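# structure here, sequence nowhere to be found:
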């Protein structure tokens, strides 16, 4: 039986010095039916030069260039042209274990929405990434799954892709909340297949330092998925900065999201905040 095609999506912006290590980890996969789409998001460094060397090395590497639009935009551009049934996002400064795709593919015939694995830090910080056990009620509070989990392209199509308004971070968390619900099945491999490069300018580090961006991003996610919070975890309100927002800021954020959020749930929350 033909192995399902897995499309690995590698957004690249100003981190060409890490690309070889990342792409080598894709080439080293024991699972062979993959394509790797490298998306140059208007990078000013040597991203194109490095990427083209990999397309010459193996035809499964595909190069795509676009104007700068941010991480979500770059992922969306790569997934748009991807031919695989399953998608694996992989940032160009990270890497994956050689058996990740093979072990994940063994679960494709089961009813899983997301498949991921154990993870480790490397770079400025080393050691195991202690990930909490996945529960739907808990992922509403904090992201429990790193960006490099596998999901079906059809689910990406259904929810409209990654949200390009989340340019400061939390786009992975938002995407998981978009494709998951209380009935979704999520599987975590007992295998360390993801290596996250921790450095001083990592997006999650910067977001925790810049409180304004952190508040914006988390409140954006909260309002966008408000109906889920009020149904499954209405106590989550206490975990967000939303209580400190002015009502006009709340309404402005809801308009930016542009998801028809002025519903009874939003009115209920505005009344609560009043």
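Yep, that arrived. Values in this document were obtained by computation on a predicted structure and should not be read as measured data.

# counting by contacts, list what the strand ranked longest in the chain packs against.
Looking across the chain with DSSP state E, the single longest strand is strand 186-198. For strand 186-198, the packing partners by 3 or more Cβ pairs under 8 Å, 6 or more residues apart in numbering; DSSP states H and E come out as strand 95-96, helix 100-105, strand 114-123. (Each C-beta comes from the backbone N, C-alpha and C, glycine too.)

# adjacent strands (with direction) for that strand?
For strand 186-198, the pairing partners within the sheet under DSSP bridges are strand 95-96 (antiparallel), strand 114-123 (parallel).

# can you list contacts of it?
Residues outside strand 186-198 that contact it (Cβ atoms under 8 Å, 6 or more residues apart in numbering): 18, 25, 93-97, 99-100, 103-104, 107, 110, 112-125, 128-129, 131, 134, 145-146, 148, 180, 205.

# buried subset of those?
Applying 16 or more other Cβ atoms under 10 Å to the contacts of strand 186-198, the neighbour count classes 18, 25, 93-97, 99-100, 103-104, 112-120, 131, 134, 145-146, 148, 180 as buried.

# burial of the nearest residue to residue 156 once chain neighbours are set aside, as a residue count?
Spatial nearest neighbour of residue 156, excluding adjacent residues (Cβ to Cβ, 6 or more residues apart in numbering): residue 79 at 5.5 Å. Residues near residue 79, counting by other Cβ atoms under 10 Å, number 21.

# report the separation between the closest residue to residue 170 other than its chain neighbours and residue 78.
Take residue 170 and drop its neighbours on the chain: the residue closest to it by Cβ to Cβ, 6+ apart is residue 217, 4.1 Å away. As defined by Cβ to Cβ, to the nearest Å, residue 217 lies at a distance of 22 Å from residue 78.

# grab the most central residue of the chain for me.
Most central in the chain under Cα atoms, centre = their mean is residue 172, positioned 3.0 Å from the mean C-alpha point.

# ok, residues contacting the helix or strand that residue falls within?
Using DSSP states H and E, residue 172 sits in helix 171-179. The contact list for helix 171-179, computed with Cβ under 8 Å, 6+ apart, reads 71-72, 89, 113-114, 139-140, 142-143, 145-147, 149, 151, 155-156, 158-160, 162-163, 166, 220-221, 224-225, 228.

# sounds good, over and out.
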